[in-house]
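>>> Dropping the sequence and predicted coords here.
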Amino acid sequence: MTALINEFVNRVEFDSYEDFRDNFRINVPENFNFAYDVVDRYAEIEPDKVALVWCNDHGEEKRITFGELRDLSSRAANFFTREGIQKGDTVMLTLKARYDFWYALLGLHRIGAIAIPATHMLKEKDIVYRIREADIKMVVCIAEDGVPEVFEGAIAELGSDTRRVLVGDSDRDGWINLRKEIMKLPGDFERPEDCAGGDDTLIVYFSSGTTGMPKMIEHDHTYPLGHIITAKYWQNVREDGLHYTVADTGWAKAMWGQIYGQWIAGSAVFVYDYDRFDPEKMLEKLEKYEITTFCAPPTIYRFLIKEDLSRYDLSGIEYAVTAGEPLNPEVFERFREHTGLQLMEGFGQTECVVCKQTSRGWSQNLVQWASHPPATLLNWWTGTVTLWTSVRRVR
């Protein structure tokens, strides 16, 4: 099967950086909605194609196909609708790396509600601020790590009627169990006539608040198309590959590497829902699941290279990238010694997709600065690529 990427770009393959810069364009369909125009399209033409490979530290594993995702996300859409969530309403998702995040997110996309992913590390005051600022109608969170208690305290302080939904195997007073409830509902959800898409708001992130209170960062329904560049031309994912980006779903990096661009390009995504980071366990997963493309921050690589890498068969990894913090030469060299792979760096921010990158065959790695490295400035909202000549803020 041909990956859907061909429907959304004018060309997929390019001969050189200059060819890519001058000729690459993203085709943005009218009223594009990722749930219907990507997930459902795969479910129609290849329902058994694997979308998500998930595991945790307790021996659980799931391989979820696009056909199953269509069913689960449609059930989620019916659930949200039943609970009074409508187009334009805001729903906070605090789900770490639970597989439920993916069908819940897609369910919100289907009804046109706005997802607000958030980390499980937020304190009560942080949640109070977010519920108030974003007028959050519903929270969906994990059942563990004391997270429900923090939400209960925040909602009580506000005196709000914010709906509370739990993801886990146990019930809790005052909460609705998502996993149990969606199985009572139909596995189909017809695309509404006034379906959200195009420049309607898809997702909102809160910034880290480095220079003040966190600000809301809004992306519309064309945002997933922007991550074609992130996935195909930086992470170098391929059709029928298995891509692993190490990221909690509460951070924008999860959108960079765990759903949009990867699926459009035809790659499945791997999610390791670990309780606590352990480099040995992560290396075991890289070997066992034969990850083909890998993305992690330099800190993760720093821990990985401290292990005896000769104990692990990492030959399945075809390409590896990094972002989020400075990459020092020692990590770069040690990883290359053991795997033969050069780490390719990317730069961006929550407000955009990858906006500066190094790519194999087109540039040197940024730890080996050339006088004029052909890095790329990627303007996803216009579908164009230009030469990066100076550091500047991108919209």
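Thanks, I have it.

>>> what about the residue sitting nearest the centre point of the chain, which SS state?
Centroid check for the chain by C-alpha atoms, centre = their mean gives Met255 as the closest residue, at 2.2 Å. With DSSP: H, G, I helix; E, B strand; the rest coil as the basis, Met255 sits in helix.

>>> Enumerate every residue touching it.
Applying C-beta atoms under 8 Å, 6 or more residues apart in numbering to Met255 gives the contacts Pro117, Ile203, Tyr223, His227. For every residue, glycine as well, the C-beta is placed using N, CA and C.

>>> what about the second one, helix or strand, and which?
Spelled out, it's Ile203. Per DSSP states H and E: Ile203 is located in strand 201-206.

>>> Next: Arg110.
helix 100-111.

>>> The helix or strand just after that helix - what's its average pLDDT?
Downstream of helix 100-111, the first helix or strand assigned by DSSP H and E is strand 114-117. Average pLDDT, strand 114-117: 98.

>>> from the chain's centre, how far out does the helix holding Arg110 sit?
What separates the centre of helix 100-111 from the centre of its chain is 13 Å, taken as C-alpha atoms, centre = their mean, to the nearest Å.

>>> Now do it: which elements does it pack against?
Applying 3 or more C-beta pairs under 8 Å, 6 or more residues apart in numbering; DSSP states H and E, we find helix 100-111 packed against helix 66-82, strand 90-94, strand 114-117, helix 178-182.

>>> now the ones you listed as CSV including mean neighbour count and distance to Ala35?
Putting the helices and strands packed on helix 100-111 into CSV (neighbours: other C-beta atoms under 10 Å; distance: least, C-beta to C-beta, whole Å) gives the following:
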stretch, mean neighbour count, distance to Ala35
helix 66-82, 22, 6
strand 90-94, 25, 14
strand 114-117, 24, 11
helix 178-182, 18, 15
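
>>> Relative to Gly197, which of those is closest?
When these are compared by C-beta to C-beta, strand 114-117 sits nearest Gly197, at 13.2 Å.

>>> For that closest one, name the packing helices and strands.
If contacts are counted by 3+ C-beta pairs under 8 Å, 6+ apart, strand 114-117 sits against strand 90-94, helix 100-111, strand 201-206.

>>> of the ones you listed, which approaches Asp145 most closely?
Closest approach to Asp145 among those is made by strand 90-94 (9.8 Å; C-beta to C-beta).

>>> Tell me what angle that closest one forms with helix 100-111.
Computed by axes from the mean of the first three to the mean of the last three C-alpha atoms, to 10 degrees, the angle separating strand 90-94 from helix 100-111 equals 170 degrees.

>>> report the angle between the axes of strand 90-94 and helix 66-82?
Calculated by the same axes, to 10 degrees, strand 90-94 forms an angle of 130 degrees with helix 66-82.

>>> could you give me the average pLDDT of the strand or helix carrying His338?
Per DSSP H and E, His338 falls inside helix 329-339. Mean per-residue pLDDT for helix 329-339: 94.

>>> buried residues in it?
For helix 329-339, the buried set under the neighbour-count rule, 16 or more other C-beta atoms under 10 Å, comprises Val331, Phe332, Arg334, Phe335, His338, Thr339.

>>> Make JSON lines from those residues and add distance to Gly241 to it.
Formatted as JSON lines, the buried residues of helix 329-339 follow (distance: C-beta to C-beta, whole Å):
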{"residue": "Val331", "distance to Gly241": "24"}
{"residue": "Phe332", "distance to Gly241": "23"}
{"residue": "Arg334", "distance to Gly241": "25"}
{"residue": "Phe335", "distance to Gly241": "19"}
{"residue": "His338", "distance to Gly241": "21"}
{"residue": "Thr339", "distance to Gly241": "16"}
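
>>> And the residues you listed, which is closest to Leu72?
Nearest to Leu72, judged by C-beta to C-beta, of these is Thr339 at 35.3 Å.

>>> and that closest one, what does it touch?
Contact analysis of Thr339 by C-beta under 8 Å, 6+ apart lists Leu309, Leu314, Ile317, Ala320.

>>> make it 6 Å
Residues in contact with Thr339 (C-beta atoms under 6 Å, 6 or more residues apart in numbering) are Leu314.

>>> now Cys55
Cys55 neighbours (C-beta under 6 Å, 6+ apart): Glu61.

>>> please redo it, this time with the cut-off set to 7 Å
By C-beta atoms under 7 Å, 6 or more residues apart in numbering, the contact set of Cys55 is Glu61, Tyr272, Lys285.

>>> Of those residues, which count as buried by neighbour count?
Tyr272, Lys285.

>>> is it possible to export the contacts of Cys55 to CSV including distance to Asp199?
Shown next, in CSV, are the contacts of Cys55 (distance: C-beta to C-beta, whole Å):
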residue, distance to Asp199
Glu61, 39
Tyr272, 35
Lys285, 39
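
>>> Leu341 against Ser315, yeah?
No: contact criterion C-beta atoms under 7 Å: Leu341 and Ser315 do not qualify, at 10.3 Å.

>>> Mind checking which of the two has more residues around it?
Legend: neighbour count by other C-beta atoms under 10 Å for Leu341 and Ser315, higher for Leu341 (17 against 10).

>>> quick one on the thing from earlier: what comes up buried for the helix holding Arg110?
Asp100, Phe101, Trp102, Tyr103, Ala104, Leu105, Leu106, Gly107, Leu108, His109, Arg110, Ile111.

>>> Stretch 174-192 now?
By neighbour count with 16+ other C-beta under 10 Å, stretch 174-192 contains the buried residues Trp175, Ile176, Asn177, Leu178, Glu181, Ile182, Leu185, Phe189.

>>> could you list every residue that touches the fifth one?
Okay, so that is Glu181. By C-beta under 7 Å, 6+ apart, the residues touching Glu181 are Phe79.

>>> mind checking how far it is from Val167?
From Glu181 across to Val167, the span is 11 Å (C-beta to C-beta, to the nearest Å).

>>> who's in contact with the closest residue to Arg110 other than its chain neighbours?
The shortest distance from Arg110 to any non-neighbouring residue, by C-beta to C-beta, 6 or more residues apart in numbering, is to Ala77 (4.0 Å). Shown in contact with Ala77 (C-beta under 7 Å, 6+ apart): Gly107, Arg110, Ile111, Phe189.
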